[in-house]
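>>> Prediction below, plus the sequence it came from.
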Amino acid sequence: MGERRIEAALQGALLGTAVGDALGLPYEGMSRRRVRRLLGDRGLAHGFFLGRGMGSDDTDHACLTAIALAEQGSSPEGFARRLARGLRWWLLTLPAGIGFGTLRGIGKLWIGFSPERSGVRSAGNGPCMRAPIIGVFAHADRALRRDLVRASTRITHTDPRAEEGARAIAAAAAAVTARGDGEFDASAVLERVQEEITDPDLAARLTTAGQSLDRPTEEVVLQWNQAKGITGFVYDTVPAVLHCWLRNRGDFRTSVTEILRCGGDTDTTAAIVGALAGAAHGPDTIPRPWLDGMMEWPRSVRWMTSLGTALASGDPPPHYFKIALPIRNFVFLLAVYVHIFRRALPPY
C-alpha cells in the first residue's frame, strides 16, 4: 500500500475527529428533538464560538494518542507510558468537559499509579475517541493494534466493555485503511469488527446495526432506549456510530450530520464518526468550510496535518506552543458558559 494512502488516512482521522467534535459540541447533552429544532432546515455549520468551531477533549486525546504513537508506537508499554505522561500534563492545562472516569484515571496517574493500574471501573466511551488513530496506525498488525488499544484503554478505564468498544472502533478504522483503494464495503468492514467482539450484548447490537443499514440511525437507536439521545455508555455509542458511518458509506458530511441529529453525547459521537469517515476517504473529503471554520491554536489544522504526515513517515511529531494551551482552554471555557446560557432559551 502506498505511503500517501496511509498518510491520508492518518490525516483524515485526526482532522475528522477535530471537525466532528467541533460540530457536535454545541449540541452536547441535548435531546434529538431539541437538536432538530435548533438546526431546522439549515445546513450544519460551526457555531461554538463567534461562528467558528473548537475541539474538546475528544480532539485533545486523538492528538495526544498520535504523538505517543509517533514516539513509541512499536512498543505498547512505551506507548502507554508516553500517553500517560501526555495526559498528566494535559490535565494541568485545565481542559473543560472531561469525562469523570477519565478524570479519575488521570488523577491516579498523578498520585503515582502506573498506566497499567490507573484506570477506574467505567464503561464510558472515552477510550473510543483514542481508538480510530490507533486503528489506522496499526491497520496491518492485529496483535499490535489490540495491545495498543488495551494500553490506551487501561490508563483510564478498566471495565472490559470499554476495551471491547474501543477495539471495535479501531478494527473499523483498520479495515478501511487496509483496503487502500477508496472502495467501501460495509459488510466486509462489519465482519472485521465482529471478529474483535466477544461480548454477546455488543455482538447482538452490531448485528442489529448491520441488518438495519436501510434505516436512519435515529430510528435504529430507539431499539436501545436512546430516545433522548445517544449516551456515553460504550455499548450505546459504538453500535450507533458504526451504523451511521456504515449506512452512509463513510461519506463525511452525511455521516456527521446524521449522528449529530441523534442528540446525546454529540461531540464524542460526531468525533468518532468524523475520524472513521476521514480515515476511509482522506482529508480532502472533509467539507472545506468546516475545515476552514476551525479556530484551533496552538494545535491548528495545519499542525494536525503535519502530525499525520510525521506519523506516516516515522518522523518525530511536530512541536507546538504548549504553554498557550491554558489560554486557549480559558477561551474555550468562556464559550461553554455562553452555551449554557443559550440552552436556557427556546426553542426547547
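Ah, there it is. Numbers count the residues shown, from 1 in each chain.
>>> Pull the contacting residues for the residue lying closest to Gly274 once chain neighbours are set aside.
Among residues not flanking Gly274 along the chain, Gly20 sits closest, at 2.5 Å (CB to CB, 6 or more residues apart in numbering). Backbone N, C-alpha and C define where each C-beta goes, glycine included. Residues in contact with Gly20 (CB atoms under 8 Å, 6 or more residues apart in numbering) are 256, 270-275, 277.
>>> Would you show me how to pick out the buried ones of the residues you listed in ChimeraX?
Remark: buried members of those, expressed as a ChimeraX selection using 16 or more other CB atoms under 10 Å:
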select :256,270,271,272,273,274,275,277
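>>> got the contacts of Gly20 as a markdown table, with distance to Arg302 and pLDDT columns?
Output for the contacts of Gly20, formatted as a markdown table (distance: CB to CB, whole Å; pLDDT from 0 to 100):
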| residue | distance to Arg302 | pLDDT |
| --- | --- | --- |
| Val256 | 21 | 98 |
| Ala270 | 22 | 98 |
| Ala271 | 19 | 98 |
| Ile272 | 23 | 98 |
| Val273 | 23 | 98 |
| Gly274 | 18 | 98 |
| Ala275 | 18 | 98 |
| Ala277 | 20 | 97 |
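>>> Save the contacts of Gly20 as a markdown table, and put in distance to Ala13 too.
Formatted as a markdown table, those follow (distance: CB to CB, whole Å):
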| residue | distance to Ala13 |
| --- | --- |
| Val256 | 14 |
| Ala270 | 14 |
| Ala271 | 10 |
| Ile272 | 10 |
| Val273 | 11 |
| Gly274 | 9 |
| Ala275 | 5 |
| Ala277 | 9 |
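>>> Looking at the contacts of Gly20, which is nearest Ala70?
Ala275 (16.9 Å; CB to CB).
>>> circling back to that earlier point, between the contacts of Gly20, which is closest to Phe184?
Closest approach to Phe184 among the contacts of Gly20 (CB to CB): Ala277, at 10.0 Å.
>>> quick one: the residue nearest to that closest one when sequence neighbours are not counted and Gly210, what's the gap?
Nearest residue to Ala277, sequence neighbours excluded (CB to CB, 6+ apart): Phe252, at 4.2 Å. From Phe252 across to Gly210, the span is 21 Å (CB to CB, to the nearest Å).
>>> Which of these two has more residues huddled nearby?
Neighbour tally, Phe252 and Gly210, criterion other CB atoms under 10 Å: the higher count belongs to Phe252, 28 against 20.
>>> buried stuff in stretch 334-348?
Counting neighbours by 16+ other CB under 10 Å, one finds that the buried residues in stretch 334-348 are 335-336.
>>> Just the mean pLDDT for stretch 236-251, thanks.
Per-residue pLDDT values across stretch 236-251 average out to 97.
>>> now stretch 308-322
Stretch 308-322 shows an average pLDDT of 96 in the prediction.
>>> buried ones in that stretch?
Neighbour counts over stretch 308-322 (16+ other CB under 10 Å) mark 308-312, 317-318, 320 as buried.
>>> and what of stretch 78-92?
79-84, 86-87, 90-91.
>>> and of these, the nearest to Glu116?
Ala80 (7.0 Å).
>>> Surely that closest one and Pro115 touch.
Yes - using CB atoms under 8 Å, Ala80 makes contact with Pro115 at a distance of 4.1 Å.
>>> joint contacts of those two?
Common neighbours of Ala80 and Pro115 are listed as 151, 154-155 (criterion: CB under 8 Å, 6+ apart).
>>> top of those by neighbour count?
For the shared contacts of Ala80 and Pro115, neighbours tallied by other CB under 10 Å; top is Ile155, 27 neighbours.
>>> so how many other residues sit close to the spatially closest residue to that residue that is not a sequence neighbour?
Excluding the flanking residues, the one nearest Ile155 by CB to CB, 6+ apart is Pro115, at 4.9 Å. A count of neighbours around Pro115, defined by other CB under 10 Å, yields 23.
>>> What distance do you get for Pro115 to Pro317?
19 Å.
>>> now swap in Arg205 and tell me
Noted for Arg205: a distance of 36 Å to Pro317, by CB to CB.
>>> Equivalent analysis for Thr268, please.
24 Å.
>>> same deal with Val221?
Distance from Val221 to Pro317, by CB to CB: 36 Å.
>>> picking that back up, any chance of TSV for the shared contacts of Ala80 and Pro115, columns secondary structure and distance to Leu325?
Formatted as TSV, the shared contacts of Ala80 and Pro115 follow (DSSP: H, G, I helix; E, B strand; the rest coil; distance: CB to CB, whole Å):
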residue	secondary structure	distance to Leu325
Ala151	helix	24
Arg154	helix	25
Ile155	helix	20
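>>> Correct me if wrong: Leu246 contacts Leu213.
Yes - between Leu246 and Leu213 there is a contact under CB under 8 Å: 6.0 Å.
>>> any shared contact partners between these two?
Joint contacts of Leu246 and Leu213 (CB under 8 Å, 6+ apart) are Ala186.
>>> So between these two, which is more surrounded?
Leu246 (24 against 17).
>>> which residues touch the more buried one?
Counting by CB under 8 Å, 6+ apart, Leu246 makes contact with 186, 189-190, 209-210, 213.
>>> which strands and helices sit next to the helix or strand hosting Leu325?
Taking DSSP states H and E as the criterion, Leu325 maps to helix 325-342. Judged by 3 or more CB pairs under 8 Å, 6 or more residues apart in numbering; DSSP states H and E, helix 325-342 is in contact with no other helix or strand.
>>> Would you mind putting the CA coordinates of that helix into PDB?
C-alpha atoms of helix 325-342 as PDB (Å, rounded to 0.1, in the frame of the first residue of the first chain):
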ATOM      1  CA  LEU A 325      -2.900  25.700  26.000                       C
ATOM      2  CA  PRO A 326      -4.200  27.200  29.300                       C
ATOM      3  CA  ILE A 327      -5.100  30.400  27.400                       C
ATOM      4  CA  ARG A 328      -6.800  28.500  24.700                       C
ATOM      5  CA  ASN A 329      -8.700  26.500  27.300                       C
ATOM      6  CA  PHE A 330      -9.800  29.600  29.100                       C
ATOM      7  CA  VAL A 331     -11.400  31.000  25.900                       C
ATOM      8  CA  PHE A 332     -13.000  27.600  25.400                       C
ATOM      9  CA  LEU A 333     -14.500  27.700  28.900                       C
ATOM     10  CA  LEU A 334     -15.900  31.200  28.300                       C
ATOM     11  CA  ALA A 335     -17.600  29.800  25.200                       C
ATOM     12  CA  VAL A 336     -19.000  26.900  27.200                       C
ATOM     13  CA  TYR A 337     -20.600  29.400  29.600                       C
ATOM     14  CA  VAL A 338     -22.200  31.200  26.700                       C
ATOM     15  CA  HIS A 339     -23.700  28.000  25.500                       C
ATOM     16  CA  ILE A 340     -25.000  27.100  29.000                       C
ATOM     17  CA  PHE A 341     -26.900  30.400  28.900                       C
ATOM     18  CA  ARG A 342     -28.100  29.800  25.400                       C
END
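>>> Fine, thanks again, bye for now.
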